[in-house]
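1. test case, fold it:
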Amino acid sequence: MVEADQVLARLDPADYQLVYADKKATFDNTKSNFARAKELVADGNISRMDYDKMQANYRSATAALSQAEKDLEYTVLKSPFRGRIAERKVENFEEVQAKQTVFSLQNTSRLDVIIDVPESVVRLVRSVNGQQAGIAADERARVTRAWAVFEGHPDEKFPLRPKEIATKANDQTQTFKATFSMEAPTNFTVLPGMTTTVLLDLSQLVTRDLVKRVPVRAVQADSGLKPRVWVLDPQTMTVSARQVAIGRMTGDMIEITDGLNGGEEIVSVGAPYLAEGMHVTRMKMTEQAVPRSDDPL
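-> Okay, here's the model as predicted:
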């Protein structure tokens, strides 16, 4: 465990101290010359060109000294926050390169929880106070309710606060990465890389007119080439056609803008072979082919 601003490691500062001493001497010299030049140029004892040259030398020496001071400060590695050193990658007296990782430091007070939000969910979220759905705002954080539940502790829900959400979808999954923050549990250990279940309530951010989507293969055209779906009556196990209005297609799903109230059970397999009032049966949840006796093992 380390505290904030605690020294974790030091580089051998000898070379940087020598450079700093050289830059400091150059700075002091140019500073004195520039101070005298300001007096001389006022009396006309030196040309304006010589004065400008001394001023430029002074500014250059100032910048070089500032850089040397920074380089000397960078020889000391301090912890930016209170936390735990998870891994040490460099041993004492080992040579290191610029930007080389020396420690892996974990924040033990707060944790980040990352989930992938489908585009179908992001599309339902309306803007808040004129802000776009992908931009984090104080109002959005206030009305977004989320909790983390960890395995082995199903009765404990840890509040999550929205931190950021990507505005560009992942090229492979077409999902948007959302990051939440939470206080670290005190009664059990949670380490980076562990998994959790996120419960997300977007009821105050979702528009009232929810978008309904059905599988593309469930929508068929009637004799007049108008789209329709087959709705199942669970009491009689018969189907009836219902006219619908369709919208945008996403993957293998298509938006239904009118014709369905939501909650109906529709036929998604074998729709082209149905007729009005036909009796149907539900498919089993899983089906597996039975191997034949002459199939090779």
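
2. which stretches of the stretch 51-200 of the chain have low pLDDT?
-> 124-144 (pLDDT under 70).

3. which parts of it are helices?
-> For the stretch 51-200 of the chain, the helices defined by DSSP state H, counting those that start in this stretch occupy 119-124, 138-143.

4. distance of Phe103 from Leu202?
-> 38 Å (Cβ to Cβ, to the nearest Å). All C-beta atoms are positioned from the backbone trio N, CA, C, and that covers glycine.

5. mind splitting this protein into its structural domains?
-> 1-108, 109-201, 212-273 (automatic domain parsing).

6. export the ones you listed to a markdown table and tack on distance to Lys284 and mean neighbour count?
-> Below are the domains of the chain laid out as a markdown table (distance: least, Cβ to Cβ, whole Å; neighbours: other Cβ atoms under 10 Å):
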| stretch | distance to Lys284 | mean neighbour count |
| --- | --- | --- |
| domain 1-108 | 48 | 13 |
| domain 109-201 | 27 | 14 |
| domain 212-273 | 12 | 14 |
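
7. was I right to think Val265 contacts Leu232?
-> Actually, residue 265 is Glu. It isn't Val. Yes. Using Cβ atoms under 8 Å, Glu265 makes contact with Leu232 at a distance of 4.5 Å.

8. Val41 belongs to a strand, doesn't it?
-> No. Read with DSSP: H, G, I helix; E, B strand; the rest coil, Val41 is helix and lies in no strand.

9. which ones are touching it?
-> Ser47, Arg48, Asp50, Tyr51 (Cβ atoms under 8 Å, 6 or more residues apart in numbering).

10. let's see it at 10 Å
-> Contacts for Val41 (Cβ atoms under 10 Å, 6 or more residues apart in numbering) come out as Ser47, Arg48, Asp50, Tyr51, Asp52, Met54, Gln55.

11. per-residue confidence for it?
-> Per-residue confidence (pLDDT) for Val41: 83.

12. that one and Thr30, how far apart?
-> Distance from Val41 to Thr30, by Cβ to Cβ: 16 Å.

13. over to Pro162?
-> Pro162 is 52 Å from Thr30, where distance means Cβ to Cβ.

14. same check on Gln172?
-> Shown here: Gln172 relative to Thr30, a distance of 57 Å by Cβ to Cβ.

15. same question for Asn107.
-> The separation that Asn107 has from Thr30, given Cβ to Cβ, amounts to 45 Å.

16. please apply the same query to Met278.
-> The span separating Met278 from Thr30 equals 96 Å under the rule Cβ to Cβ.

17. ok, Arg282 next?
-> As judged by Cβ to Cβ, Arg282 and Thr30 stand 88 Å apart.

18. Arg161 now?
-> Arg161 is 52 Å from Thr30, by Cβ to Cβ.

19. kindly report the same for Pro154.
-> Pro154 sits 70 Å away from Thr30, going by Cβ to Cβ.

20. and if you look at Asp155?
-> In this view, Asp155 and Thr30 are 70 Å apart by Cβ to Cβ.

21. just the pLDDT for Gln288.
-> 54.
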